[in-house]
Structure formats: structure tokens, C-alpha cells
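*Asks:* here are the coordinates; sequence isn't available:
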């Protein structure tokens, strides 16, 4: 269902949650997104409680944290016991990179063009004599066969971004999982560029590990996100960054020999950032009320409309043509103008885009409307012509 076939009511209603629209036409959700009004309220409430009551709000905060964990489980099709609340995608990836039972001579496969978060932790495994194999891609585009050709009998894990942060190329996670498991390896997914606006079901898709911060498409604050680990694999990884909150009978501080928790919350070793977590939960709640399947339809419709308008003004759209590979990101180049110059000129006209990989990266959200798309196109056209 395309944009014209959908009622605007639900999107207009969501738009009231986004105060950013009062100042900017915002097309940079793939970087750091604005938070929702409900998330802002949650942060204010937490700050008031912390200011005037200190830890007297702990009981309520802990309850909110568990509710946000359940929301994350619903979002990815997991059980709450398989979800840890994390501070960043980097943290979740390192849980796997540092906790996996590597042996000298093992190797990890990843793709070229990954964001540094999904490259550096694996590169640093060289100290354990683990090889990192990088499969060449064309702005994220790569075939399943090309990836499998990098595997051998010492390949332990494939790690990749669900959506490429430059081009917006979306991988078929179910197909990748089938290949990876057939080769006796595991699948680690950096989901930050898709989670919230593209549907994912970790069980149905066969994903082993997944991490994503909430400050992009989930419209949450920086510093709160989700890590998923399949329950059957919990004891495969050595828990890293453990602490008082990693063990059973959490509040029995005088009992030092308690066992490590048998769920994903073992990774939450210390005190949680309750304010940020509660804010994330408010934004996730809003998106789940709409439904990620419906959100995906909206995002692909916006992608198609913006793509067509860019081509009309001479843009060379680099993002995928096939709908199954598209996401919320549209990457475009104009031969007559440098992408950073276009970005700067757009900002001067109240339109926020980004520049990645020598191209303009445009990333709308479900509350983006036609007036903002017109402003975007007018701003770019005034720069390149």
C-alpha cells in the first residue's frame, strides 16, 4: 500500500508527538533522531523524582525498566528473558566479540562498508589470533553466495548491519541465517538502522544475537537500547562487565557467592540509567501501538515518493531499487555539487539531511509530510541548479 492509499490521520496524530517539526524539516533519523514528546515527559518526570526524592523512586523505576524490556521483546519477537537493556549498540556487539569462546585460528566474517562499531571490536580479536574476513560490497550490496564464499570450517560467526548506514541496503536476515547455520556458525546483527520501522522476528528469522541503540528510528534518547541473545546460547558467551546486578538475589549484598542470572539481564551489571530507559519505552510504545508492519509500509511509501522527486531534479539515487532491499534511508548524488555543500545549504534553509560516503543521506520518518518533502526538494534544487 503506497502513501496515497493510506489515511493521513494516524501519521498526523503521531506528528503531534514530534516538537522538532516546529523548527526543522528533519530528514536525519539515521544519525541521531529527535525524541518524542512522551519521551521528553518521561525524562522530566525522572529528573524531578531524582532531584526531590533521590532513590525513593527506585521501586517505580525498576518496574518501568522491566516494562521497557517487555516492549523490546515484543518489538523483536523474543521473550523478555532474552533481552538486555544496554547503553549502546557498541556495548551489545562487544558482549559477543569479547564473550565468545574463540580459539586461535577461528575467523569472523563481516562486510565492507560497515559502521566502525561493527568492525573495530572484531578487528581487535587479532590479539586472540582470530581472523577478520571482510567481504567486498557495493555500498552494502552483496549476494548470499559472495558471503558464503568467505566461510570455511573455522568460521564461527557472521556479523553485519541489517541495513547499511550509507546506502540503506537491507539484507534478507532469514536467508542469511539459514546459510550461516548450515555452515555451523552464528549470526550477529547490528539492527540500529532498521529497528522500529522495519519488522524483525528473531525467532522466525533465526537470529542468534542482535543489538541496537534507541536513538535513531526508535526515537529514543542516546544511551538506551536493546541486546538480544537466544536463550539457548546464553551460556555460550562468557559474561563480560558483570556486577551486583548480574547475579540472582540481586539485593542480597552480603551474600557474595550468588550464581549468575540465567537470563539476558546478567549483562546489566550495574545500575541502570532509568531515566533514559523510561524515555525509550515511551517512544517504543507509540510505535508498537501503530504496528511495525504498517510503519514499514509508510516508510517504503515515503522512500518511493522522495526517490522519484530526487530523480526528477537530476539526482542519481544510489539506494536499492527493489522494495525488499529498501529501508528508511535514501542515498543520492548530484554531479554538479559536493554532498557536504548540499547538506550545509539545506541546513541554512531549515532542512536537516546528512552526508555519508560522498552522497546526501536522507532519512525521513513516519511523521514526515508532503510539505516537508517539498521543502527538501526545493532546498536541494536551489543548491544544485
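*Replies:* Yep, that arrived. Note that the coordinates shown come from a computational prediction; the quantities given were computed from them, not determined experimentally.
*Asks:* mind listing the strands for the stretch 151-300 of the chain?
*Replies:* For the stretch 151-300 of the chain, applying DSSP state E, counting those that start in this stretch gives strands covering 155-161, 186-190, 209-213, 225-229.
*Asks:* Now tabulate those strands in a markdown table and tack on mean pLDDT, mean neighbour count and distance to residue 44.
*Replies:* Where C-beta positions appear, they are placed from N, C-alpha and C, glycine not excepted. Formatted as a markdown table, the strands of the stretch 151-300 of the chain follow (pLDDT from 0 to 100; neighbours: other Cβ atoms under 10 Å; distance: least, Cβ to Cβ, whole Å):
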| stretch | mean pLDDT | mean neighbour count | distance to residue 44 |
| --- | --- | --- | --- |
| strand 155-161 | 98 | 23 | 33 |
| strand 186-190 | 98 | 25 | 31 |
| strand 209-213 | 98 | 28 | 21 |
| strand 225-229 | 98 | 28 | 21 |
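*Asks:* who touches residue 380 in this structure?
*Replies:* Going by Cβ atoms under 8 Å, 6 or more residues apart in numbering, residue 380 touches 310, 313, 315, 334, 342, 346, 360.
*Asks:* Likewise for residue 325?
*Replies:* Applying Cβ under 8 Å, 6+ apart to residue 325 gives the contacts 141, 169, 170, 171.
*Asks:* Tell me how far the spatially closest residue to the first one that is not a sequence neighbour lies from residue 337.
*Replies:* The spatially closest residue to residue 141, leaving aside those adjacent along the chain, is residue 169, at 5.5 Å (Cβ to Cβ, 6 or more residues apart in numbering). Distance check for residue 169 against residue 337: by Cβ to Cβ, to the nearest Å, it reads 24 Å.
*Asks:* who's more crowded, the two?
*Replies:* The neighbour comparison of residue 169 against residue 337 (other Cβ atoms under 10 Å) goes to residue 169, with 28 against 15.
*Asks:* got any ranges where the stretch 151-300 of the chain has weak pLDDT?
*Replies:* Within the stretch 151-300 of the chain, not a single segment meets pLDDT under 70.
*Asks:* can you pull out the helices in it?
*Replies:* Counting by DSSP state H, counting those that start in this stretch, one finds helices in the stretch 151-300 of the chain at the ranges 173-182, 202-205, 274-290, 292-312.
*Asks:* what helices or strands is the longest one leaning on?
*Replies:* Spelled out, that is helix 292-312. When contacts are defined as 3 or more Cβ pairs under 8 Å, 6 or more residues apart in numbering; DSSP states H and E, helix 292-312 packs onto strand 316-317, strand 330-333, helix 370-384.
*Asks:* Could you tell me the angle between that helix and helix 274-290?
*Replies:* In terms of direction (axes from the mean of the first three to the mean of the last three Cα atoms, to 10 degrees), helix 292-312 departs from helix 274-290 by 90 degrees.
*Asks:* what's next to helix 292-312, contact-wise?
*Replies:* 1-3, 6, 10-11, 75, 168, 196-199, 287, 317, 319, 323, 326-328, 330, 332, 362, 364-366, 368, 373, 376-377, 380.
*Asks:* For those, which PyMOL command selects only the ones that are buried?
*Replies:* Selection of buried members from the contacts of helix 292-312 for PyMOL, criterion 16 or more other Cβ atoms under 10 Å:
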select buried, resi 3+10+11+75+168+196+197+198+199+287+317+319+326+327+328+330+332+362+364+365+366+368+373+376+377+380
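*Asks:* returning to what we had before: the strands of the stretch 151-300 of the chain: which one's closest to residue 49?
*Replies:* Residue 49 sits nearest to strand 225-229 of all these, at 22.6 Å, using Cβ to Cβ.
*Asks:* Could you pull up the residues touching the residue nearest the centre of the chain?
*Replies:* Nearest to the geometric centre of the chain sits residue 192, at 1.1 Å (Cα atoms, centre = their mean). The contact partners of residue 192, taken as Cβ under 8 Å, 6+ apart, are 89, 161, 211, 212, 213, 216, 217, 225.
*Asks:* Drop anything exposed from the contacts of residue 380.
*Replies:* Among those, the ones that count as buried by 16+ other Cβ under 10 Å are 310, 315, 334, 342, 346, 360.
*Asks:* ok, now how distant is the first one from residue 243?
*Replies:* Spelled out, it's residue 310. Using Cβ to Cβ, residue 310 is found at 49 Å from residue 243.
*Asks:* With the fifth one instead?
*Replies:* Taking Cβ to Cβ as the criterion, residue 346 is separated from residue 243 by 45 Å.
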